[in-house]
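Asks: A predicted structure for the sequence below; I have some questions about it.
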Number of protein chains: 2
Amino acid sequence: MQMVSTIKEVKDLVKQWKSEDQTIGFVPTMGYLHEGHGSLISAARQDNSKVVVSIFVNPKQFGPTEDYDSYPHDLERDRSICENLGADLIFHPTPEEMYPNDFYTHVDMPILTEELCGLNRPGHFRGVCTVVNKLFNIVQPDHAYFGQKDAQQLAVIKQMVKDLSMNVEVIGCPIVREEDGLAKSSRNNYLSAEERKAARIVSKTIFMGENIVKEGETDAQKLIAAMKATIETEPMAKIEYVKAVDGLSMRQVSIIKPQTLVAIAVYIGKTRLIDNFIVE
Amino acid sequence: MQMVSTIKEVKDLVKQWKSEDQTIGFVPTMGYLHEGHGSLISAARQDNSKVVVSIFVNPKQFGPTEDYDSYPHDLERDRSICENLGADLIFHPTPEEMYPNDFYTHVDMPILTEELCGLNRPGHFRGVCTVVNKLFNIVQPDHAYFGQKDAQQLAVIKQMVKDLSMNVEVIGCPIVREEDGLAKSSRNNYLSAEERKAARIVSKTIFMGENIVKEGETDAQKLIAAMKATIETEPMAKIEYVKAVDGLSMRQVSIIKPQTLVAIAVYIGKTRLIDNFIVE
């Protein structure tokens, strides 16, 4: 496995691989890898002859009051995880390599990003679209893998690729969970022992919501009310949102049907946790 | 020469060409081709084994009061010009093919586009960046050719390609002029006989400005004043701007030096004409 930090090194390798008719699978990450990322790398390993993982904490997708400076990192651990899962290349650029002083361009999509996480994180999805667009141009993957946990991010990236006719297939992979149900996230690391226990309410609410839908509930308001009531049983939890939206357009729906995305964002202490399910 | 109108047809051909190690030269146009476009196609023909010309009047780069509906077109004439110059493929999509109803993404670059043409054409460069980004993803060219007449467009596209690490080299080609100096433009077609005569003032002002600089003038204000005075000798001309800007950042400069872009936009009747020179 190789590890490089410049765009040129990646492009040179990719050029060589393309000339050898290798297929490229790509997993863009912000590092501090967990089993969720691991499942993406494994999926990429299965489908492609070369696997690239990027590790880049993208400043453009953090708001001024968010956790950019404290975002966890451990490159040596990440390297070992990637190597064990059979990745061929880690790309870990500096912010200056990705965004030199005279960097001016952005990619954005106001409509899909006005709901859910976009509402309380202005500029977040502009940062995501811009960095993913650039990473796709650098790595030129055949397939790119994203977790379903960040459901809105996945929808936004699929839309960007479709709109701009980019030459990559975007693949969403299922949420990977801890034994007690908590969705794996690098930010789980922020939770104290007490908060970690309280955080169970997030996945518990998702499983409960799934059951309500399975039992035939189609009224979005009733579902949301029941899910909110569940979260409110946990004194340490503060609801940011509980919403039912169309899985493609991210617009709120009043009737639950197949492809509806039911998504929640909850603060446990200062840590923001998200989780979701898609109606089958 | 082939002529296709769907993205899929272009991508299929490009895939085949790439597998044969062909190099691709690309000339994006809005059609109604003139010798300016011809020089771009010829440059592409010289440098590449395959040449693609796109003909697409891009609605996203026209403002609501601009000439989208009346923009001239003659596909049969364009076809013959492309064939004579040795192009391999014309891509002429419909607006619906490029922008289906659920198209949401845009590419933009506020800083470079606040000056010159961006100032009076809000949204214009957003439309240009978005369509060129998409066309580059469709055609996947090794080299793309743009005229120096649209100097700001050329700078904006070079910046976008650099910022987003796109895999194409953008090549600017010299302004092609009529015998009396008028820069070739599809919009020259709008001019009445009387206006056509009055339009000479545009290139005359550019040549005069170039001479002033050659004779040693470095004060941008003095240069601009002299150029404005020249335009004002023509009663049918109305100045939109006469400006000296940095050739990369498009920011106004007070001292003329190499790489300074001196650009003018002038209305002759209802027709907006642009011209420029870059200081050597």
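Replies: That came in fine, so what should we check first?

Asks: which residues are in contact with the worst-scoring helix or strand of chain A on mean pLDDT?
Replies: The weakest-scoring helix or strand in chain A, judged by mean pLDDT, DSSP states H and E, is helix A:116-120 (a mean of 84). Counting by CB atoms under 8 Å, 6 or more residues apart in numbering or on different chains, the neighbours of helix A:116-120 from elsewhere in the structure are A:112, A:124-125, A:152-153, A:240-241, A:243, A:245, A:250, A:263, A:265, A:274. Using the backbone N, CA and C atoms, a C-beta is placed for each residue, glycine as well.

Asks: how about 10 Å then?
Replies: Among residues not part of helix A:116-120, those counted as contacts by CB atoms under 10 Å, 6 or more residues apart in numbering or on different chains are A:63, A:109-113, A:124-126, A:128, A:150-153, A:155-156, A:240-241, A:243, A:245, A:250, A:252, A:261, A:263-265, A:272, A:274, A:276.

Asks: cool, and stretch A:187-194?
Replies: Counting by CB under 10 Å, 6+ apart, stretch A:187-194 makes contact with A:32, A:34, A:67, A:70-72, A:74, A:178, A:182, A:185, A:195-199, A:236, A:268-274, all of which sit outside it.

Asks: buried among those? Need that as a selection in PyMOL.
Replies: Selecting the buried subset of the contacts of stretch A:187-194 in PyMOL, with 16 or more other CB atoms under 10 Å in any protein chain shown as the burial test, is done by:
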select buried, chain A and resi 32+34+71+178+182+185+195+196+198+199+268+271+272+273+274
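
Asks: just the ones of the contacts of stretch A:187-194 in helices?
Replies: Cross-referencing the contacts of stretch A:187-194 with the helices (criterion: DSSP state H) gives A:195-198 as the overlap.

Asks: isn't residue A:177 up against residue A:35?
Replies: Yes. Here residue A:177 reaches residue A:35: they are 8.9 Å apart, a contact under CB atoms under 10 Å.

Asks: look at the residue of the stretch 151-280 of chain A at minimum distance from chain B and report its pLDDT.
Replies: Residue nearest to chain B within the stretch 151-280 of chain A (CB to the nearest CB): residue A:163, separated by 3.8 Å. Looking at residue A:163, its pLDDT reads 98.

Asks: next one: the one 4 residues further on
Replies: In this model, residue A:167 is scored at 98, pLDDT.

Asks: on that earlier part again, within reach of chain B, which of the contacts of helix A:116-120 are there?
Replies: Here is what survives when these are matched to chain B using CB under 10 Å from any CB of the partner chain: A:109-113, A:126, A:156.

Asks: most neighbours among those, which one is it?
Replies: In terms of neighbour count, residue A:156 stands highest of these at 28 neighbours, by other CB atoms under 10 Å in any protein chain shown.

Asks: check contacts around it.
Replies: If you count contacts by CB under 10 Å, 6+ apart, residue A:156 has them with A:108-109, A:111-113, A:117-118, A:124-126, A:128-129, A:132, A:146, A:150, A:250, B:104-105.

Asks: the one residue in the stretch 1-150 of chain A that gets nearest to chain B: neighbour count?
Replies: Closest approach of the stretch 1-150 of chain A to chain B (CB to the nearest CB) occurs at residue A:105, with a separation of 3.8 Å. Other residues lying near residue A:105 total 23 when counted by other CB under 10 Å.

Asks: ok, now how distant is the closest residue to it other than its chain neighbours from residue A:134?
Replies: Closest residue to residue A:105 apart from its sequence neighbours, by CB to CB, 6 or more residues apart in numbering or on different chains: residue B:163 at 3.8 Å. Taken as CB to CB, to the nearest Å, the spacing of residue B:163 relative to residue A:134 amounts to 7 Å.

Asks: common neighbours of these two, please.
Replies: A:98-99, A:103, A:105, A:107.

Asks: any idea which of the residues you listed is the one closest to residue B:204?
Replies: Proximity of the shared contacts of residue B:163 and residue A:134 to residue B:204 was ranked by CB to CB; the top entry is residue A:105 with 36.2 Å.

Asks: so who does the closest one touch?
Replies: Contact analysis of residue A:105 by CB under 10 Å, 6+ apart lists A:130, A:133-134, B:107-112, B:129, B:133, B:156, B:159-164, B:166.

Asks: may I see the PyMOL selection of the buried members of those residues?
Replies: To isolate in PyMOL the members of these that are buried, counting by 16+ other CB under 10 Å, one can use:
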select buried, (chain A and resi 130+133+134) or (chain B and resi 107+108+109+111+112+129+133+156+159+160+161+163+164+166)
